[in-house]
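1. Need a 3D model of the following:
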Amino acid sequence: MNWDQVEGKWTELKGKARSSWGELTDDDLDQINGKREQLVGKLQQKYGLAREEADKQADKWAQDLDKER
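-> As a prediction, this is how the structure comes out:
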């Protein structure tokens with residue numbers, strides 16, 4: 001799934017994001033609002049990830065959404 005689709009379906013996808021990254025709060029998920037850069041920033045902040053690793057995790061998560069369909 002591309003990030004435009006993720007952003008458009010964010011309300012539906014918040015639960016999946018929460019199950020992947022349990023440390024993200026409802027407020028975090030509301031702030032992210034389906035935006036890739038916001039998600040990457042929160043992953044760096046909450047999990048202490050390097051930018052490159054946070055990018056990888058966010059992109060893999062979005063790709064995996066297509067497999068769940």
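2. Tell me where this protein has helices.
-> Taking DSSP state H as the test, the helices found in the chain are 3-8, 10-20, 26-32, 36-47, 51-68.
3. Quick check: closest non-adjacent residue to W10.
-> Spatial nearest neighbour of W10, chain neighbours left out: G34 (3.2 Å); criterion: C-beta to C-beta, 6 or more residues apart in numbering. (C-beta placed from N, C-alpha, C; glycine too.)
4. For that neighbour, what are phi and psi?
-> In terms of degrees, to the nearest 10, the main-chain angles of G34 are phi 80, psi 0.
5. Now do the contacts for it.
-> W3, V6, E7, G8, K9, W10, L13 (C-beta atoms under 8 Å, 6 or more residues apart in numbering).
6. Most neighbours among these, which one?
-> V6 (22 neighbours; other C-beta atoms under 10 Å).
7. what's the pLDDT at the nearest residue to that one once chain neighbours are set aside?
-> Nearest non-adjacent residue to V6, counting by C-beta to C-beta, 6+ apart: G34, 5.0 Å away. Note on G34: pLDDT of 97.
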